[in-house]
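> take a look and give me a structure for this.
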Amino acid sequence: QVQLVESGGGLVQAGASLTLSCAASGRTSRIYGMGWFRQAPGQEREFVAAITWSGDTTYYTDSVKGRFTASRDNAKNTVYLHMNSLKPDDTAVYYCAADRARWYGESWLYEYEYDYWGQGTQVTVSS
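As a prediction, this is how the structure comes out:
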């Protein structure tokens, strides 16, 4: 089993920055990659970013490219989502997720690919 604990959400103004953390524990050696998803009120959960557990490859949805950066701290078994130039449209509950399977095609995009999920952290961006 892998446990994921997120932190770092909050209320910020448009244009501000925020960094989310996702600390992994348990059988982390089984993780191939980590994803970040978000769910806004009344909407389905959507893919935001992904990073391989090795940290050498990242993927982003178009709406956050150039503003968000995923990174990983090997020593801390923690992945981060650095969010800059935040917009009100970024308001959502953000989830991190861990995938045990090697990614093929664009599998990192899909919720069902991920085996473990964090509890979510609220990000609210005011205009």
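> count the neighbours of Thr58 for me.
Residues near Thr58, counting by other Cβ atoms under 10 Å, number 16. The way it works is simple: take the backbone N, C-alpha and C, and place the C-beta from them, glycine included.
> that one: what's it in contact with?
Contacts for Thr58 (Cβ atoms under 8 Å, 6 or more residues apart in numbering) come out as 49-52, 69-70.
> among the residues you listed, who's most crowded?
Ranked by neighbours (other Cβ under 10 Å), the contacts of Thr58 are led by Ala50, which has 27 neighbours.
> enumerate the beta-bridge partners assigned to Tyr95.
Taking DSSP bridges, one finds Phe37 as the beta-bridge partners of Tyr95.
> what about it, neighbour count?
The tally of other residues near Tyr95 (other Cβ under 10 Å) stands at 23.
> can you map out the strands along the protein?
Along the chain, the stretches classed as strands by DSSP state E are 2-7, 10-13, 18-26, 33-39, 46-52, 58-60, 68-73, 78-83, 92-99, 116-117, 121-126.
> can I get the ones you listed in a markdown table with distance to Tyr110 and mean pLDDT?
Putting those into a markdown table (distance: least, Cβ to Cβ, whole Å; pLDDT from 0 to 100) gives the following:
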| stretch | distance to Tyr110 | mean pLDDT |
| --- | --- | --- |
| strand 2-7 | 18 | 96 |
| strand 10-13 | 28 | 98 |
| strand 18-26 | 18 | 97 |
| strand 33-39 | 9 | 97 |
| strand 46-52 | 8 | 97 |
| strand 58-60 | 12 | 97 |
| strand 68-73 | 17 | 96 |
| strand 78-83 | 18 | 98 |
| strand 92-99 | 10 | 98 |
| strand 116-117 | 13 | 98 |
| strand 121-126 | 21 | 98 |
